[in-house]
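S.K.: task: produce atomic coordinates for the following.
(one chain, ligands or ions: 1)
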Amino acid sequence: MTGVVVAGAGQAAAQLAISLRQRGYSGPITLIGDEEHLPYERPPLSKEYLAGDLAEESLQLRPATFWLDRGVDVRTGVAVTAIDRARRSVELSDGRCLSYRHLVLATGAEPRRLDFPGATLAGVHMLRTRNDARAIRAVLRTPCDVVVSGAGFVGLEAAAVACRLGNRVTVVERLERAMGRVVTRFTADHVVDQHRRHGTDFRFGDAVVSAVPDPQGRLAAVRTASGAELRCRLLLVGAGVSPRTALAEAAGLPVDDGILVDERLRTADPAISAIGDCARFPSPFADGWRVRLESVQNAVDQARYVADGIVGAGGVYAAVPWFWTVQHGLRLQIAGLVQGHDMAVTRGSVADGAFSVFCFAGGRLVGVESVDRPADHMVARGLLAGEHDVTPEIAADPAVDLKAYRP
Ligand code: FAD
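M.R.: Reported below is the predicted structural model:
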């Protein structure tokens with residue numbers, strides 16, 4: 001009997017299998033993952049696990065017995081190498097073929113590789129997988145000079161951990177600000193201030209252009225575009241990620257910064273869906289434009305939605321996007337998408353480090369950033385899920401209980 005085959009065995013793939021069984025799907029489910037691990041979660045890789053506060057086994061999303069008990073075949077260390085759409089089958093790197101009734105592409109993303117001189121020296125790292133995190137964790141145990149190239153979420157989280165472990169940290173960022181794509185300048189600057197208070201040095205408007213070896217061929221320093229030479233034993237390159245689309249592209253499916261899917265998360269072939277970091281989908285939170293989101297929420301909600309579709313439920317995908325990051329104990333939660341906002345108001349106390357930024361576009365609430373205000377975050381998710389009358393004036397008024405405005 002042919003069933004559901006998933007290319008990838010990460011966050012989205014695992015949730016798809018869990019949701020299918022929860023919804024009573026009893027056919028075969030096979031997850032094919034090219035990493036050697038059972039499905040695990042990535043967020044702790046730049047937080048608790050990197051800091052040494054979490055054992056590696058705790059990263060696993062479910063124990064091996066969970067998959068066995070539910071009859072989910074999880075094959076690790078094996079890649080899907082080709083899709084035969086006419087035969088509805090996939091080829092695997094171990095030489096086998098597998099037929100599918102429905103194929104789900106959950107291939108995630110991979111770190112963008114920068115091609116500067118010295119980029120392959122020992123001591124130059126990227127952070128995406130469990131193996132990457134294990135290697136970085138080992139270096140950070142002995143305090144040293146660390147350079148983080150790129151002030152995105154992963155780079156900043158790792159910078160905070162490195163700092164906490166006693167390393168001297170410098171963050172080099174090409175733009176004039178941190179977390180450029182997805183956070184308001186106001187909140188980003190607040191987070192950077194927190195890093196600075198802990199002693200991290202920031203060099204905005206600069207970029208690492210080469211890595212310099214010591215006589216043993218290990219990383220000794222990096223040079224930047226501005227001519228600075230920064231001594232370091234570890235360089236973490238956080239230059240963002242690229243969606244893993246090669247498999248889909250080779251099968252003739254449209255891709256453009258992600259595997260293109262419709263509002264039901266189906267590719268151009270209705271027997272194939274794409275979910276999670278690899279998928280670019282039309283979002284009502286971006287006025288119907290296609291977006292690609294890199295978050296646990298996106299992976300989990302899209303997996304649930306596709307599981308619903310496989311067992312016959314309808315509707316279009318419209319989950320509220322949300323995200324969180326933790327840096328130096330500061331918890332930033334984001335609901336909605338703040339890109340494109342034309343007005344923002346704050347709620348709470350910036351001085352006390354507990355506030356939210358409500359972002360509006362054309363008078364409509366589009367996103368809310370909450371710094372150590374988890375209740376605001378939950379209310380924001382509720383507001384963004386439907387119609388409401390919250391204006392900037394209402395959002396800024398501390399006397400108003402926003403819960404009353406939830407649809
Ligand atoms: P992945 O989890 O990347 O899984 C895809 C899997 O498919 C990978 O194992 C990949 O190797 C495998 N694969 C690819 N191609 C093939 C193939 N052809 N055959 C077989 N297997 C294949 N999100 C948050 O919301 N909050 C956070 O705080 C947060 N922190 C993060 C910290 C780090 C260090 C990282 C790396 C990510 C973080 N994220 C966070 C993002 C979140 O983890 C991702 O959005 C999520 O893992 C995406 O799930 P996915 O299943 O789409 O992709």
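S.K.: please tell me how far Arg174 sits from Leu234.
M.R.: Going from Arg174 to Leu234 by CB to CB, to the nearest Å gives 20 Å. Glycine gets a C-beta too; all of them are placed from N, C-alpha and C.
S.K.: out of the two, which sits in the busier spot?
M.R.: Leu234 (21 against 16; other CB atoms under 10 Å).
S.K.: can you show me the helices along the chain?
M.R.: For the chain, the helices defined by DSSP state H cover 11-22, 48-51, 64-69, 130-140, 153-164, 185-197, 246-250, 296-310, 374-384, 392-396.
S.K.: helices and strands around the second one, which ones?
M.R.: Contacts of helix 48-51 with other secondary structure elements, assessed using 3 or more CB pairs under 8 Å, 6 or more residues apart in numbering; DSSP states H and E, are made with helix 130-140, helix 153-164.
S.K.: again, but for the first one
M.R.: The criterion is 3+ CB pairs under 8 Å, 6+ apart, and the helices and strands that helix 11-22 contacts are strand 3-7, strand 29-33, strand 72-76, helix 296-310.
S.K.: nearest to Ser226, out of these?
M.R.: helix 296-310 (36.1 Å; CB to CB).
S.K.: is the closest one anywhere near the ligand?
M.R.: Yes - for helix 296-310 and the ligand, the contact criterion (CB under 6 Å from any ligand atom) is met by 296-297, 299.
S.K.: among the residues you listed, who's most crowded?
M.R.: Going by other CB under 10 Å, Ala299 tops those with 27 neighbours.
S.K.: next up, the contacts around it.
M.R.: Residues near Ala299 by CB atoms under 8 Å, 6 or more residues apart in numbering: 10-12, 15, 106, 275-277.
S.K.: can you flag the buried ones in those residues?
M.R.: Neighbour counting with 16 or more other CB atoms under 10 Å marks 10-12, 15, 106, 275-277 as buried within the contacts of Ala299.
S.K.: mind picking the two most distant members of these?
M.R.: Farthest pair in these, by CB to CB: Gln15 and Asp277, 12.9 Å.
S.K.: confidence score at Val390?
M.R.: Note on Val390: pLDDT of 96.
S.K.: which residues does it contact?
M.R.: If a contact means CB under 8 Å, 6+ apart, then Val390 has 358, 365, 383, 402, 405 as its contacts.
S.K.: if you set the cut-off to 10 Å instead, what comes out?
M.R.: Residues in contact with Val390 (CB atoms under 10 Å, 6 or more residues apart in numbering) are 358, 360, 364-365, 368, 379-380, 383-384, 400, 402, 404-406.
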